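S.K.: 3D model of this:
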Amino acid sequence: MFDPREKIALFIDGANLYATSRSLGFDIDYRKLLTNFQRRGYLLRAYYYTALVEDQEYSSIRPLIDWLDYNGYRVVTKPAKEFTDATGRRKIKGNMDLELAIDALELADVVDHYVIFSGDGDFRTLVEALQRRGRKVSVVSTMASQPPMISDELRRQADHFIDLQNLRLDIGRDPSERPLRRPEPAELESEDNLA
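M.R.: Modelled structure (predicted):
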């Protein structure tokens with residue numbers, strides 16, 4: 001599937017990868033992930049995309065973003081949009097699909113093999129466009145969860161599908177190894193609502 005002569009680029013949909021790994025019961029060790037793909041070919045770039053809530057005093061994702069930024073990843077962020085749904089619950093929305101697609105297309109002249117960490121069916125058109133340019137595309141998500149975290153059309157379009165469950169031993173970390181963190185104010189409020 002991977003040729004050691006290939007120039008590889010990773011495109012990680014942060015929210016999607018987080019949800020997928022959580023559904024499988026493990027966390028991603030991003031140092032191991034980078035090392036794993038460096039062994040498979042020439043790793044040209046590793047991008048990580050996520051939306052951030054800007055007005056929070058503390059965000060649980062901030063330490064990860066800072067670590068990634070200093071340890072071989074190109075982090076792409078934008079402010080998340082907050083809204084209140086019909087039931088009065090605070091919701092956060094931050095879609096990074098367009099940013100990921102533009103970055104991927106801009107590298108089409110230098111990347112041989114794209115690895116997209118997302119099961120979002122919206123990326124099917126991107127995969128097809130990259131393939132028309134003669135590029136190989138692997139998609140990483142899972143079929144092992146219920147429901148599966150990858151859309152059928154994306155899985156069919158990709159040259160290769162890699163089930164995240166099969167990478168668990170290579171790039172995973174058990175959630176019990178997670179460092180303790182203080183809860184965010186929003187989490188405390190939602191816990192109070194459950195009582």
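
S.K.: use CA for all of it now, contacts and neighbours both
M.R.: Noted.

S.K.: for the protein, which spans come out with low pLDDT?
M.R.: Applying pLDDT under 70 to the chain flags the ranges 55-58, 177-195.

S.K.: ok so M143 is a helix residue?
M.R.: No: counting by DSSP: H, G, I helix; E, B strand; the rest coil, M143 falls outside a helix, being coil.

S.K.: that one: neighbouring residues, count only.
M.R.: 19 (other CA atoms under 10 Å).

S.K.: then L169?
M.R.: Neighbour tally, L169, other CA under 10 Å: 12.

S.K.: does it sit in a helix, a strand or a coil?
M.R.: Once three-state DSSP is applied, L169 turns out helix.

S.K.: so where's the longest strand in this protein?
M.R.: Counting by DSSP state E, the longest strand found in the chain is strand 42-52.

S.K.: surely R5 is within a helix?
M.R.: No: according to three-state DSSP, the state of R5 is coil, so it is not within a helix.

S.K.: tell me how many other residues surround the closest residue to A144 other than its chain neighbours.
M.R.: Once flanking residues are discounted, A144 sits nearest to Q165: 7.0 Å by CA to CA, 6 or more residues apart in numbering. When neighbours are defined as other CA under 10 Å, Q165 has 20 of them.

S.K.: so Q165 touches V140, yeah?
M.R.: No: shown here, Q165 and V140 do not form a contact pair, counting by CA atoms under 8 Å, at 9.5 Å.

S.K.: now the residue nearest to A144: how far from L33?
M.R.: 13 Å (CA to CA, to the nearest Å).

S.K.: cool, T125 as well?
M.R.: T125 is 26 Å from L33, by CA to CA.

S.K.: next: D13.
M.R.: Counting by CA to CA, the gap from D13 to L33 is 14 Å.

S.K.: more crowded one of these two?
M.R.: Taking neighbours as other CA under 10 Å, D13 and L33 compare with D13 leading, 21 against 16.

S.K.: I'd say that one and G119 touch.
M.R.: No: between D13 and G119 there is no contact under CA under 8 Å: 9.0 Å.

S.K.: can you pull out the helices in this structure?
M.R.: For the chain, the helices defined by DSSP state H occupy 14-24, 30-38, 62-70, 97-106, 124-132, 152-157, 164-171, 185-194.

S.K.: of all the ones you listed, which one is nearest V76?
M.R.: The closest of the helices of the chain to V76 is helix 97-106. By CA to CA, the value is 8.0 Å.
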